[in-house]
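Asks: The sequence isn't on hand, but the structure is:
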Ligand code: SF4
């Protein structure tokens, strides 16, 4: 996971792991980390001391400069470096710390569940109750235990149209959870309307059509147009209006929060404000 | 020389007339911090405004500061001070450049270079620690900066940093630059200032270090900044697209935290795309994926051409996107490009009325054209005066033939390869740039400056009042708006008034451009700068005291940045991407770094006072220049007069109505009164009073102004 977190359709790096293997992967990573000797902590004082020693040992830095100052041919940097005496590697002889004996703690079962939700959140995904029910035995007790556990206070829920979703506030923001729940609801008209209102109220800003074509929504232009056409026929969305800015970009905004004149003004691109 | 931390301790003096190269202790300039502040003192003391900018004794002063090369993030910048030949009053100006050359100067052991005299033949300045020499540069006189820099490196070695002027500077075209080969350029006419001296370039290799008083503290502050405060470029504190860790993102999809899942470096040497992915604000290892400036500048299509992100020494943000624009090969034009900001933004203005055709990918037309422009201006060493060259050119090229030939004559007009323009051929802009840089034909007066062009073409002063989309001049001084009223209400207008070039102040646009919700940013700004200081986008309120104070704060802060040196696109750390901090940055951090690096105690208030002192010095020198060159030292009426379009644009709106950024005349008069008063300047003339100058230890300047009958 070198470049960004993985989420299906979200990054081109890799496909998302399935829930079970996500947990296994985490456990495997933890095991591997435990087996590795800990790297020494960087200590600026000892590094400075080592650098000073190296400087003393390599007094020829100055002599090389003197040679150059005397007008001789310039020494190639790499040749020069190759001629230098080996300098003591301050970290070479640091013995690996003995493997720590982890005290045997029997992790409560609901921790695993919380960890699973956290991993998915870190992968930019909320976790639906329906999915959990299909995967986890004794779910109700685990959820109750999780809710009662202080160490799981980061696990939050958000109700979607069809399901209840869990996420960890440690790695996922509330607003992003809102977005992902709307995506999971899979009702493009409703999602667009809610986000247009949210943006108009919160920032305030009109929402460009292309907003929904970009991550994390990733809807096609045709889908967005279709949803907008449908929205216009629905009574409950009559506050959603369209505007075109001075660069021919189309936007949606909600008249609940923005006047048409102001919405257009803040959507227009001003020259020379780069 | 006493041991000193932060400062290198020496100043290099080069006299090109005599060939003399000397050094002096720089300690006496520490009270001016360095860079801009140090240079202003030297300029005032040694090269009074009475000198013609091209006089043999005129100075060009390269200055770095105690933070340059110290390891403080985003400190790899250099300031160059000299005299303007193109803006009203011909007063003191600065060029600013990033890259690695400023830190190299420090590592070579110098806080600055004071260049005087005029060489008999083209030379370059070679600095290798304490070995400094002037070498013959005849072989590259007349050559572009890319070839010149390559030649300089061949002569000296790969470990050197090189910068050179191009033909524009050599030909004394006032819009000229000093360039590295990576898009780092100092502008404001420094090319001509050096060209006049026959100084083609400068190469520096420093093998020393910057001594830091408390390295542990620097490391600690740096970690704190990386993990809690730094955002994207311009320190934008929310990402352009929703990211799972972030509560907010820029709804427009456009800010300078452009890196996002699916946005890639798509033109890597091994063909493997590199996805910018998500970059949680506290994951310091992903900071360099945030900016992705190419996508900010050109949209998603840029990814196809991006090799990687480049940037200045000690900066994790890296706002110089590096490209391979292969379609340009078909026109025998160079394909590699690295740049940021203005040079890449308005090349298409050379094609007014032409629907540019895509080259290789859908939507890449503007990008390819603009990057061809960027390479050509950098090669010729031509400055854009923050887009004035593009706007003036667009104005001219949009004229009907009958009118245009009245300015440049039929022969020259018909000699332009118009077919290339109509075809959207990048060779058109390259040819125009070449003519401008070479001073070829009457059209090239555009590269002598907007005021020179107006004079040559007989355009009246009112030409600067028009609101037709090709005018951005806020005053009548020949330089344009730089993040003024459109982003920063009266505050932006006020801070644009101080300098003799565009102000280069980013303190407010870093907030307004971030894309964070207004209420979130307002809270941060009001907590720092007081109630009512921060207007909503296009919903301005009448002037108040805190907006005035904010304008002064911005200028003083920028002056500190160009003295210390810090990158004003990143500093100060006003906002933070951290929800836990309620998005508040830490304005004191720069003072803490100053203390840790120099071992002297600084507070943010000290830095503000220091920045104000520079403002006073600047104002004194500007007043003297205006008295000498414009017959009036009344800066309120001669320098700070605001052009008409600022008040008269958008006729459907009244000032302060929701939906406009236009200002109100009476309100601005009041704003100027308040600002002059706050600064201790005379309200009628906009010049510092004797008391103010004395309070800042500038008695000599007070006496000078009095002797000259200015105060
Ligand atoms: S943000 Fe850009 S200009 Fe500023 S230091 Fe970094 S790379 Fe240089």
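Replies: Looks like it arrived, so ask away. In this text the structure is predicted, and so the values were computed from the model without any measurement.
Asks: Pull the contacting residues for residue A:109.
Replies: A:138, A:142, A:145 (CB atoms under 8 Å, 6 or more residues apart in numbering or on different chains). From N, CA and C alone the C-beta is placed, and that goes for glycine too.
Asks: what about the last one, distance to the ligand?
Replies: Spelled out, it's residue A:145. From residue A:145 across to the ligand, the span is 48 Å (CB to the nearest ligand atom, to the nearest Å).
Asks: now that residue, what's its secondary structure?
Replies: When classified by DSSP: H, G, I helix; E, B strand; the rest coil, residue A:145 comes out as helix.
Asks: ok, for it, nearest residue in space, not its chain neighbours?
Replies: Nearest non-adjacent residue to residue A:145, counting by CB to CB, 6 or more residues apart in numbering or on different chains: residue A:110, 4.1 Å away.
Asks: got it, and the second one?
Replies: What sits nearest to residue A:142 in space, not counting adjacent residues and going by CB to CB, 6+ apart, is residue A:110, at 4.4 Å.
Asks: Kindly report the same for residue B:619.
Replies: Closest to residue B:619 by CB to CB, 6+ apart is residue B:688, at 5.5 Å.
Asks: Can you tell me the SS state at residue B:309?
Replies: Residue B:309 ends up strand, using three-state DSSP.
Asks: neighbours around it, how many?
Replies: Using other CB atoms under 10 Å in any protein chain shown, residue B:309 has 25 neighbouring residues.
Asks: OK, contacts around it?
Replies: B:265, B:288, B:291-293, B:318-322.
Asks: Also residue B:351?
Replies: Counting by CB under 8 Å, 6+ apart, residue B:351 has contacts B:369, B:397, B:421, B:424, B:428-429.
Asks: Could you point out which of those is nearest to chain A?
Replies: Lowest distance from chain A to the contacts of residue B:351 (CB to the nearest CB) belongs to residue B:369, with 16.1 Å.
Asks: So which bits of chain B are right by the ligand?
Replies: Within chain B, the positions near the ligand by CB under 6 Å from any ligand atom are B:74, B:76, B:98, B:233, B:311-312, B:315, B:317-320, B:567, B:569-570.
Asks: where are the low-confidence patches of chain B?
Replies: B:1-2 (pLDDT under 70).
Asks: If we ignore the residues flanking it in sequence, what's nearest the residue in the stretch 151-274 of chain A that the ligand sits nearest to?
Replies: Closest residue of the stretch 151-274 of chain A to the ligand, CB to the nearest ligand atom: residue A:274 (14.0 Å). Nearest non-adjacent residue to residue A:274, counting by CB to CB, 6+ apart: residue B:345, 5.5 Å away.
Asks: which residues does the most centrally placed residue in chain B contact?
Replies: A centroid search over chain B (CA atoms, centre = their mean) returns residue B:504, at 4.9 Å, as the residue closest to the centre. Residues in contact with residue B:504 (CB under 8 Å, 6+ apart) are B:96, B:482, B:558, B:568.
Asks: So it lies in a strand, does it not?
Replies: No. Residue B:504 is assigned coil when assessed by three-state DSSP, not a strand.
Asks: Now for whatever residue of the stretch 101-250 of chain B ends up closest to the ligand, how many residues are close by?
Replies: Relative to the ligand, the nearest point of the stretch 101-250 of chain B is residue B:233 (5.3 Å; CB to the nearest ligand atom). Look at residue B:233: counted by other CB under 10 Å, it has 28 neighbours.
Asks: can you check residue B:531 too?
Replies: Neighbours around residue B:531, by other CB under 10 Å: 12.
Asks: Check residue B:291 too.
Replies: Using other CB under 10 Å: residue B:291 sits among 30 other residues.
Asks: and what of residue B:326?
Replies: Using other CB under 10 Å, residue B:326 has 15 other residues around it.
Asks: Is it in contact with residue B:361, as I believe?
Replies: No. Using CB atoms under 8 Å, residue B:326 and residue B:361 do not qualify as a contacting pair, with a distance of 10.9 Å.
Asks: hey, where'd the helices end up in chain A?
Replies: Counting by DSSP state H, chain A has helices at residues A:19-35, A:44-57, A:60-69, A:77-83, A:109-122, A:129-135, A:139-148, A:174-185, A:188-202, A:221-232, A:260-267.
Asks: Can you verify residue B:40 is assigned to a helix?
Replies: Yes. Under three-state DSSP, residue B:40 sits within a helix.
Asks: Need the nearest residue in space to it, chain neighbours excluded.
Replies: residue B:617 (4.7 Å).
Asks: For that neighbour, give its distance to residue B:261.
Replies: 49 Å (CB to CB, to the nearest Å).
Asks: Grab the nearest non-local neighbour of residue A:269.
Replies: Closest to residue A:269 by CB to CB, 6+ apart is residue A:247, at 5.2 Å.
Asks: any idea how chain B splits into domains?
Replies: B:10-205, B:230-322, B:347-383+B:388-465, B:485-585+B:603-679 (automatic domain parsing).
Asks: which residues are contacting stretch A:261-274?
Replies: A:200, A:204-206, A:208, A:241, A:243, A:245-247, A:249, A:251, A:253, A:258, B:297, B:341-342, B:345, B:386-387, B:469, B:472, B:480-481, B:483, B:486-487, B:509, B:513, B:537-539, B:658-661.
Asks: now the residues you listed: which count as buried?
Replies: A:200, A:204-206, A:208, A:241, A:243, A:245, A:249, A:251, A:253, A:258, B:297, B:341-342, B:345, B:386-387, B:472, B:480-481, B:483, B:486-487, B:509, B:513, B:537-539, B:658-661 (16 or more other CB atoms under 10 Å in any protein chain shown).
Asks: so what's residue B:204 up against?
Replies: Per CB under 8 Å, 6+ apart, neighbours of residue B:204: B:101, B:104-105, B:108, B:127-128, B:160-161.
Asks: quick one on the thing from earlier: of all the residues of chain B next to the ligand, which two lie farthest apart?
Replies: Across those, the longest distance by CB to CB is 14.5 Å; it joins B:76 and B:233.
Asks: so where's the stretch 1-150 of chain A shaky on pLDDT?
Replies: Ranges of the stretch 1-150 of chain A meeting pLDDT under 70: A:1-78, A:80-81, A:86-105.
Asks: try 50 this time
Replies: A:1-20, A:22-23, A:26-27, A:30-31, A:33-42, A:58-71 (pLDDT under 50).
Asks: one step back: tell me which of residue B:617 and residue B:261 has more neighbours.
Replies: Taking neighbours as other CB under 10 Å, residue B:617 and residue B:261 compare with residue B:261 leading, 29 against 24.
Asks: circling back to that earlier point, export the residues of chain B next to the ligand as a markdown table, with columns for distance to chain A and secondary structure.
Replies: Converted to a markdown table, these look like this (distance: CB to the nearest CB, whole Å; DSSP: H, G, I helix; E, B strand; the rest coil):
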| residue | distance to chain A | secondary structure |
| --- | --- | --- |
| B:74 | 20 | coil |
| B:76 | 21 | coil |
| B:98 | 17 | coil |
| B:233 | 12 | helix |
| B:311 | 18 | coil |
| B:312 | 19 | coil |
| B:315 | 20 | coil |
| B:317 | 17 | coil |
| B:318 | 15 | coil |
| B:319 | 12 | coil |
| B:320 | 15 | strand |
| B:567 | 17 | coil |
| B:569 | 12 | coil |
| B:570 | 16 | coil |
